[in-house]
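Participant: what's the 3D shape of this:
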Amino acid sequence: MREGDHNSPVVRTAVPGDAPQLATLARELLNYERSLNEYAGELTPWASTPDELRKQIRHPHTRFFIAEQRGEMIGYVKAVIYGRRPKRSEVGPARWFKDVIERAAREAFNSMMRRPRPNVRLAGGYIAGAFVRPDVRRSQVGRALVAAAEDWFREQGLGTSELHVLYSNESARQFWEEVGYQPLAMGMRKKL
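Facilitator: Next comes the predicted model:
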């Protein structure tokens, strides 16, 4: 699905200039999830703004893969690497040093507070968001976006990919199972 005629969708990595269109799709996803579950939480004003998405696009452990058709964005997947510290060459010396200081301070605070240390350190891929416009669903766009994210995870040496999906979103649960994801746990919430 990466190349084809003018009408075929193309999947590519997002660049900062894609942020306004990406923000529109991100808001559609957040509003759709809210329509499925009123307890999903309120949208924060910054969550799907172009400025916030530009920051995320620039982060070395985050990739947005977008699908376009006839120059219009029709879907995206946000892929994130977790449990791995960015290298100095990826973020620059100032940001890397700031991360080192913050991590040391956090570890010192946790030690003083006698907080337990984690039993395991995990690293893997996480699909932090996926959305395909309703008018192009069931056209293999979602599968192509997921494949692009998983390819990137493999290139980074990761052995797993995880995600969360709203339990009330049956079509999404079915899609994820069709592309090979298996349920791990079920979160629950009670309104008080």
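
Participant: what's the following helix or strand after the lowest-mean-pLDDT helix or strand in the chain?
Facilitator: The helix or strand of the chain with the poorest confidence is helix 88-91; it has a mean of 68 (mean pLDDT, DSSP states H and E). Next helix or strand after helix 88-91 toward the C-terminus (DSSP states H and E): helix 93-112.

Participant: How far off centre is the lengthiest strand in the chain?
Facilitator: Ranked by residue count and defined by DSSP state E, the top strand of the chain is strand 72-82. Strand 72-82 sits 6 Å away from the centroid of its parent chain (Cα atoms, centre = their mean, to the nearest Å).

Participant: again, but for stretch 83-101
Facilitator: 21 Å.

Participant: Pairing partners for the longest strand of the chain, with directions?
Facilitator: strand 62-69 (antiparallel), strand 124-132 (antiparallel) (DSSP bridges).

Participant: could you dump the longest one to PDB, C-alpha only?
Facilitator: Included here for strand 124-132 are C-alpha records, laid out as PDB according to Å, rounded to 0.1, in the frame of the first residue of the first chain:
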ATOM      1  CA  GLY A 124       8.600  -2.700  23.700                       C
ATOM      2  CA  GLY A 125       6.400  -1.100  21.200                       C
ATOM      3  CA  TYR A 126       3.100   0.500  22.100                       C
ATOM      4  CA  ILE A 127       0.400   1.600  19.600                       C
ATOM      5  CA  ALA A 128      -0.800   4.700  21.400                       C
ATOM      6  CA  GLY A 129      -3.600   5.600  18.900                       C
ATOM      7  CA  ALA A 130      -5.000   4.400  15.700                       C
ATOM      8  CA  PHE A 131      -7.800   5.900  13.600                       C
ATOM      9  CA  VAL A 132      -9.100   5.400  10.100                       C
END
